[in-house]
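In: return atomic coordinates for the entry below.
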Amino acid sequence: MKRWQILPVDADAVANISRLMNCSPVTATLLVNRNFLNEKDARRFLDTSLTQLRSPLGMAGMDTAVERIVRAIELGQKILVFGDYDVDGITATALLFEFFQHLNADVSYYIPHRTREGYSLQPGHITEYAVPNNIDLIITADCGSGSHQAVAAAAAAGIDILITDHHKIVDRLPPAVSVINPHRSDCCAGFENLAGVGVAFCLLISLRKRLRETHFWQKVPEPNLKAFCDLVAIGTVADIVPLRDDNRIFTAAGLEVIKSANRPGLNALVRESGTNPDTVDAQDIAFRLAPRLNAAGRLEHATTAVELLTTRDPEAARQIAAKLNELNKKRQTVEQKMLADISLMLTEQPDLLQNRSLVLAHPGWHEGVLGIVASRLQEMYYRPVILVSIKDGLAKGSARSIPAFDMFKGLSACSAFLKNFGGHTQAAGLTLPVEMIKPFQQHFEKTVAEATVPDDFSPTLAIDCKLNFKDITPTLLDELVSLEPYGRGNPEPLFTAENIEVLSASVVGKTHRRLLLGQPGLETRSRFNAIHFNIDPDKPVPERLERIAFRLRWNHWNGKKTPQLIIEETMAG
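Out: Purely as a prediction, here's the structure:
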């Protein structure tokens with residue numbers, strides 16, 4: 001059970017925002033909770049038009065990268081887009097590949113196999129692929145910031161490399177022609193929260209402008225970059241970067257493009273995943289579309305997902321989407337088996353849960369699902385989790401953290417035990433020799449213990465405000481829609497209500513419960529349908545609930561929309 005905490009709020013600030021924005025006190029509370037304390041900031045947040053995007057022209061390395069690409073196009077050089085195998089990398093690869101195709105450039109793409117080749121650009125990719133294929137220029141997508149040896153190998157072979165990435169930089173920049181990474185110490189443009197696909201999109205914004213100056217678009221129709229925002233939205237949401245500022249704008253624009261149904265592959269994936277194409281939102285991307293795109297790289301090869309996103313053939317799209325759906329089912333089976341293994345491991349070694357971190361290793365675990373299972377365990381046990389798969393004397397792992405602990409800094413403090421690592425504050429990947437697993441585990445636990453306090457390990461349910469049923473109106477629901485897209489940095493509002501009557505309840509599916517709820521003393525119009533996911537179907541439902549924590553959404557069904565409560569947690573009376 002999480003600790004329920006209603007966020008403290010400045011009543012005067014709420015009243016002021018409510019008056020200035022002409023919105024309900026509830027919506028004003030939500031804006032204040034997200035730190036929009038004046039009209040200018042609130043209006044900028046609510047305006048998701050592409051005209052609000054900040055210029056990326058000042059990003060470090062941008063000018064050099066653009067000029068090198070222009071030269072490659074003018075000379076007809078062979079360009080290779082080299083991408084990562086997760087959804088961020090897949091969408092960034094598809095984005096760059098499609099844009100260069102539009103320019104009639106000589107372009108191809110390459111994504112490494114997750115388990116056979118590993119993460120990012122390696123020297124072997126230069127000597128065994130780029131050189132034999134006469135590549136002149138390699139542009140990375142969502143990777144490359146740590147590929148020092150590969151960049152050196154490329155330079156020796158006369159191949160230029162441009163890096164577009166957003167991962168934290170471990171030591172120094174590789175000596176590429178250009179490195180566009182907002183985490184560069186000399187990059188002060190303020191784009192640190194971009195996903196890899198967002199960085200790639202910034203490159204295209206800058207490149208399109210430069211080509212306009214060279215009158216290139218007199219030969220080729222100038223592309224509308226909004227048409228590519230569906231890819232940017234999917235990569236941005238999938239990589240769990242904050243949906244604020246430019247990321248929010250990218251995602252809002254991308255959702256519009258997805259609904260316009262112009263990309264056969266996404267249309268097929270939307271249908272295959274059971275998503276309503278008319279109401280697709282960020283949650284659908286996160287929980288329906290992204291897992292299916294990710295399944296390709298986790299279990300087989302991520303190239304399949306790029307093929308889906310770039311095909312113009314509806315029948316081919318349908319077949320690939322169906323394949324990804326099957327791979328996702330297979331991924332779920334592998335994941336459940338791994339969770340069962342870990343449950344048994346923890347039952348046999350209960351002392352492991354006395355630690356502030358959880359580091360587990362096993363020779364049989366599938367590398368492709370380590371990250372997902374680590375995320376599940378982090379949620380279940382609320383502590384930093386690292387899962388490691390052992391093969392051929394080498395251990396490869398995925399790490400997930402809680403908000404109070406910076407995983408990248410934690411791994412940096414343990415770098416003496418690691419062969420390599422990389423990632424972000426909340427998620428990372430690592431490789432280490434098998435003999436280092438035990439000392440690493442001990443040192444990592446010590447690192448976590450020194451950087452945290454006991455309260456950091458008590459999950460909190462952050463509730464925006466109390467909301468009585470009588471205040472739930474169509475106007476409020478429409479105002480909530482204006483705050484979308486929701487995600488990290490802009491969480492979907494969470495409310496609480498007290499003294500709730502359970503008027504009816506039934507189990508749907510295997511582990512979901514549909515409810516009709518009301519509050520005593522209120523008229524029947526204040527009765528609302530609710531859904532509570534992932535419940536114990538055998539647990540009796542009380543007639544009264546002391547408190548509920550819930551989200552509020554329009555439920556679209558048969559062309560109609562009605563209010564629906566999404567129950568997060570309950571307290572029985």
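
In: list the helices and strands the host helix or strand of residue 234 packs on?
Out: Taking DSSP states H and E as the criterion, residue 234 maps to helix 229-238. Secondary structure elements in contact with helix 229-238, counted by 3 or more Cβ pairs under 8 Å, 6 or more residues apart in numbering; DSSP states H and E, are helix 87-102, helix 196-213, helix 245-259, helix 290-299. Every residue, glycine included, has its C-beta placed from N, CA and C.

In: quick check: which of those is nearest to residue 220?
Out: Between residue 220 and the helices and strands packed on helix 229-238, the shortest separation by Cβ to Cβ is 7.0 Å, and it involves helix 87-102.

In: please state the offset of the closest one from the chain centre?
Out: The chain centroid and the centroid of helix 87-102 are separated by 17 Å under Cα atoms, centre = their mean, to the nearest Å.

In: and what of stretch 505-521?
Out: 31 Å.

In: and if you look at stretch 558-573?
Out: Taking Cα atoms, centre = their mean, the mean C-alpha location of stretch 558-573 is offset from the chain mean by 25 Å.

In: now the strands for the stretch 451-573 of the chain?
Out: Chain-ordered strands for the stretch 451-573 of the chain, with DSSP state E, counting those that start in this stretch as the definition, fall at 460-463, 465-466, 495-508, 512-518, 528-532, 544-557, 560-572.

In: let me have the ones you listed in JSON lines, adding distance to residue 109 as columns.
Out: As requested, the strands of the stretch 451-573 of the chain are arranged in JSON lines below (distance: least, Cβ to Cβ, whole Å):
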{"stretch": "strand 460-463", "distance to residue 109": "41"}
{"stretch": "strand 465-466", "distance to residue 109": "47"}
{"stretch": "strand 495-508", "distance to residue 109": "43"}
{"stretch": "strand 512-518", "distance to residue 109": "40"}
{"stretch": "strand 528-532", "distance to residue 109": "41"}
{"stretch": "strand 544-557", "distance to residue 109": "37"}
{"stretch": "strand 560-572", "distance to residue 109": "39"}
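
In: can I get the helices and strands packed on helix 229-238 in a markdown table with distance to residue 341 and mean neighbour count?
Out: Output for those, formatted as a markdown table (distance: least, Cβ to Cβ, whole Å; neighbours: other Cβ atoms under 10 Å):
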| stretch | distance to residue 341 | mean neighbour count |
| --- | --- | --- |
| helix 87-102 | 26 | 27 |
| helix 196-213 | 32 | 22 |
| helix 245-259 | 36 | 23 |
| helix 290-299 | 17 | 25 |
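
In: among the ones you listed, which is nearest residue 359?
Out: helix 290-299 (21.4 Å).

In: tell me which residues are up against the following helix or strand past that closest one.
Out: Scanning forward in sequence from helix 290-299, with DSSP H and E defining helices and strands, the next element found is helix 303-310. The set of residues external to helix 303-310 that reach it, using Cβ atoms under 8 Å, 6 or more residues apart in numbering, is 83, 87, 90-91, 93-94, 97-98, 109, 111, 231, 263, 265-266, 268-269, 293-294, 296-297, 316-317, 320-321, 323-324.

In: list the buried residues in stretch 316-332.
Out: 317-318, 320-321, 323-325, 327-328, 331 (16 or more other Cβ atoms under 10 Å).

In: check the offset of it from the chain's centre.
Out: Centroid separation between stretch 316-332 and its chain, computed with Cα atoms, centre = their mean, is 20 Å.

In: and the contacts of it?
Out: Contact with stretch 316-332 is made by 264-265, 267-269, 271-273, 291-293, 295-296, 298-300, 304-305, 307-308, 311, 368-369, 372, as judged by Cβ under 8 Å, 6+ apart.

In: quick check: mean pLDDT of that stretch?
Out: Here the mean pLDDT over stretch 316-332 is 97, rounded to a whole number.

In: again, but for stretch 168-176
Out: Mean pLDDT, taken over the full extent of stretch 168-176, equals 91.

In: what comes into contact with that stretch?
Out: Residues lying outside stretch 168-176 but in contact with it, judged by Cβ under 8 Å, 6+ apart, are 144-148, 150-152, 155, 160-163, 179, 181, 183-185, 408, 412, 421-424.

In: apply 6 Å and report the result again.
Out: 145-148, 151, 161, 163, 179, 183, 408 (Cβ atoms under 6 Å, 6 or more residues apart in numbering).

In: ditto for stretch 5-16
Out: With Cβ under 6 Å, 6+ apart as the contact definition, stretch 5-16 has outside contacts at 25, 28-29, 32-33, 37, 460, 462-463.

In: just the buried ones from those, in PyMOL syntax?
Out: Command for PyMOL, covering only those of the contacts of stretch 5-16 found buried under the criterion 16+ other Cβ under 10 Å:
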select buried, resi 25+28+29+32+33+463
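
In: that older thread, looking at the strands of the stretch 451-573 of the chain, which is closest to residue 387?
Out: Closest among the strands of the stretch 451-573 of the chain, using Cβ to Cβ: strand 460-463, at 24.9 Å.

In: and the closest one, which strands flank it?
Out: Under the criterion DSSP bridges, strand 460-463 sits next to strand 3-6 (parallel) in its sheet.

In: how about the partner strand as PDB, C-alpha atoms only?
Out: As requested, the backbone C-alpha atoms of strand 3-6 are provided in PDB (Å, rounded to 0.1, in the frame of the first residue of the first chain):
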ATOM      1  CA  ARG A   3       1.400   6.400   1.300                       C
ATOM      2  CA  TRP A   4      -1.400   8.800   0.100                       C
ATOM      3  CA  GLN A   5      -0.300  12.400   0.000                       C
ATOM      4  CA  ILE A   6      -2.500  15.200  -1.200                       C
END
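
In: would you mind listing the buried residues in it?
Out: Buried residues in strand 3-6, defined by neighbour count with 16+ other Cβ under 10 Å: residue 4.

In: average pLDDT for whichever helix or strand comes after that strand, rounded please.
Out: Counting by DSSP H and E, the next helix or strand C-terminal to strand 3-6 is helix 11-21. Over the span of helix 11-21, the pLDDT mean works out to 96.

In: tell me the buried residues in helix 11-21?
Out: Counting neighbours by 16+ other Cβ under 10 Å, helix 11-21 gives 13-14, 16-18, 21 as buried.

In: buried stuff in the worst-scoring helix or strand of the chain on mean pLDDT?
Out: Of all the helices and strands that make up the chain, strand 420-423 has the lowest average by mean pLDDT, DSSP states H and E, namely a mean of 90. Neighbour-count burial for strand 420-423, counted by 16+ other Cβ under 10 Å, picks out 421-423.

In: show me what that strand is packed up against.
Out: strand 427-433 (3 or more Cβ pairs under 6 Å, 6 or more residues apart in numbering; DSSP states H and E).

In: which residues does the strand it packs on contact?
Out: Applying Cβ under 6 Å, 6+ apart, the contact partners of strand 427-433 are 395-400, 407-408, 411, 417-421, 423, 440.

In: tell me the strands beside it, with direction?
Out: Under the criterion DSSP bridges, strand 427-433 sits next to strand 394-400 (antiparallel), strand 420-423 (antiparallel) in its sheet.

In: show me where the stretch 351-500 of the chain has helices.
Out: Secondary structure of the stretch 351-500 of the chain, counting by DSSP state H, counting those that start in this stretch: helices at 370-381, 407-413, 437-451, 474-482.

In: now do the shortest one: distance to the chain's middle.
Out: Centroid separation between helix 407-413 and its chain, computed with Cα atoms, centre = their mean, is 21 Å.

In: pLDDT (mean, whole number) over stretch 43-60?
Out: Computed over stretch 43-60, the mean pLDDT rounds to 95.

In: going by neighbour count, list what's buried in that stretch.
Out: Of the residues in stretch 43-60, those scored as buried under the neighbour-count criterion (16+ other Cβ under 10 Å) are 45, 48, 53, 56, 59-60.
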